[in-house]
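In: Could you work out the structure for the sequence below:
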Amino acid sequence: MTKALQREDSRVRLRDLKRARDRESKHYVNCPLDYDTKMRLQKAALDNDVKMTVIMKASIDQFLKDNGY
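Out: Model (predicted):
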């Protein structure tokens, strides 16, 4: 009986995790960059060992905060 309860508990936790992930789903923005900007972004990502998307998200977030959004 306890194994069945553990399996059910695990199933419920997994379902809840999936729902939380779905709520935080990604919404993509397509943004063309000129060559120099793309190369600077790649270098910054490599030098700081982060993904380019992390830099772009942080930059966009900072711009929006600075402008009251």
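
In: Is the residue sitting nearest the centre point of the chain in a helix, a strand, or coil?
Out: The centre of the chain sits closest to residue 26, judged by CA atoms, centre = their mean, with a distance of 6.6 Å. Per DSSP: H, G, I helix; E, B strand; the rest coil, the secondary structure class of residue 26 is coil.

In: quick one, phi/psi of it?
Out: Backbone geometry at residue 26, expressed as degrees, to the nearest 10, gives phi -90, psi 140.

In: how far does the helix or strand harbouring residue 44 sit from the chain's center?
Out: In this structure, residue 44 sits in helix 35-48 according to DSSP states H and E. Counting by CA atoms, centre = their mean, to the nearest Å, helix 35-48 is centred 19 Å from the centre of its parent chain.

In: So what touches it?
Out: Counting by CB atoms under 8 Å, 6 or more residues apart in numbering, helix 35-48 makes contact with 33, 51, 52, 54, 55, 56, all of which sit outside it. For every residue, glycine as well, the C-beta is placed using N, CA and C.

In: got the CA coordinates for the longest helix seen in the chain in CSV?
Out: In the chain, with assignment by DSSP state H, the single longest helix is helix 2-23. These are the backbone C-alpha positions of helix 2-23, laid out as CSV (Å, rounded to 0.1, in the frame of the first residue of the first chain):
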residue,chain,number,x,y,z
THR,A,2,2.8,2.5,0.8
LYS,A,3,4.5,1.9,-2.6
ALA,A,4,1.2,2.7,-4.3
LEU,A,5,1.0,5.9,-2.2
GLN,A,6,4.6,6.8,-3.1
ARG,A,7,3.9,6.3,-6.8
GLU,A,8,0.8,8.4,-6.6
ASP,A,9,2.7,11.1,-4.7
SER,A,10,5.5,11.0,-7.4
ARG,A,11,2.9,11.2,-10.2
VAL,A,12,1.2,14.2,-8.6
ARG,A,13,4.6,16.0,-8.1
LEU,A,14,5.6,15.4,-11.7
ARG,A,15,2.2,16.7,-12.9
ASP,A,16,2.7,19.8,-10.8
LEU,A,17,6.2,20.4,-12.1
LYS,A,18,5.0,20.1,-15.7
ARG,A,19,2.2,22.6,-15.0
ALA,A,20,4.7,25.0,-13.5
ARG,A,21,7.0,24.6,-16.5
ASP,A,22,4.0,25.3,-18.9
ARG,A,23,3.1,28.5,-17.0
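
In: Thanks a lot, catch you later.
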